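[1] Let's see this in three dimensions:
(one chain, ligands or ions: 2)
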Amino acid sequence: MDAEIKTGDDIFVCQLCGECCNGFGGTYVTHEDIINICRFINSEPDTFIKKYCDPSGSRHVLTRGSAGYCVFFDKNRQCTIHPVKPYMCRAWPFIKTLIKNPENLDIMANSCPGIKKGVGHETIQSIVKKEKDRLE
Ligand code: SF4
Ligand code: SF4
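    Numbers count the residues shown, from 1 in each chain. Ligands and ions are numbered 1, 2, ... in the order given. Sure thing, here's the model as predicted:
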């Protein structure tokens with residue numbers, strides 16, 4: 001099966017269910033994310049952090065709005081900052097930790113119906129590296 005898997009699109013197709021924008025865990029925002037989003041929504045970093053972020057250790061996560069969804073998720077289940085959404089959202093599900101722990105992809109698939117299960121670990125690692133290079 002893995003011989004047919006060449007790119008990220010072969011193991012992940014977003015179903016637009018919105019579940020990754022809801023619930024526990026939070027969406028981390030980097031300094032660069034904050035700058036990009038501020039430009040997009042015409043805000044200043046300090047104001048943005050006060051209004052749209054919660055602290056999480058030494059970092060910030062986007063705050064939650066109604067029904068536990070990210071504050072930038074709207075009723076029609078769309079990301080209102082899609083063109084500048086945080087690195088974490090753009091990278092999903094090809095997050096860097098999968099290079100070390102590729103077995104986690106099957107666990108992530110339990111809450112993300114767009115992820116294919118049962119992909120070989122080496123294939124996952126290779127795809128995550130390619131996707132990471134593409135984004136950075
Ligand atoms: S949980 Fe997965 S399938 Fe659903 S919107 Fe998020 S990325 Fe797409
Ligand atoms: S920034 Fe957009 S994609 Fe990311 S969690 Fe919020 S609504 Fe979802």
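
[2] how about the spatially most central residue of the chain, what does it touch?
    Central residue of the chain (CA atoms, centre = their mean): residue 89, 2.4 Å from the mean position. Residue 89 sits next to 20, 27, 79 when contact means CB atoms under 8 Å, 6 or more residues apart in numbering. Just so you know, the C-beta spots here come from the backbone N, C-alpha and C atoms, and that holds for glycine as well.

[3] now, which of the residues you listed sits nearest ligand 1?
    The shortest approach to ligand 1 among the contacts of residue 89 belongs to residue 20, at 3.2 Å (CB to the nearest ligand atom).

[4] Kindly report the domain assignment for the chain.
    Listed by automatic domain parsing, the domain ranges of the chain are 1-15+91-136, 28-85.

[5] before we move on, back to that, could the contacts of residue 89 go into CSV alongside neighbour count?
    Converted to CSV, the contacts of residue 89 look like this (neighbours: other CB atoms under 10 Å):
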residue, neighbour count
20, 19
27, 24
79, 16
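
[6] so, in contact with ligand 2 or not, the helix or strand containing the residue nearest to the centre of the chain?
    Element membership for residue 89, per DSSP states H and E: helix 87-91. Yes: Helix 87-91 is in contact with ligand 2 by CB under 6 Å from any ligand atom, via residue 89.

[7] can you pull the buried residues of the helix or strand just after that helix?
    In the C-terminal direction, the helix or strand that comes right after helix 87-91 (DSSP H and E) is helix 97-100. Judged by neighbour count using 16 or more other CB atoms under 10 Å, the buried positions of helix 97-100 are residue 98.

[8] Past helix 97-100, which element shows up next along the chain?
    Defined by DSSP H and E, the subsequent element after helix 97-100 is helix 104-109.

[9] Show me what the helix or strand that that following helix is followed by is packed up against.
    The helix or strand immediately downstream of helix 104-109 is helix 121-135, counting by DSSP H and E. Contact analysis of helix 121-135 by 3 or more CB pairs under 8 Å, 6 or more residues apart in numbering; DSSP states H and E lists helix 87-91, helix 97-100 as its packing neighbours.
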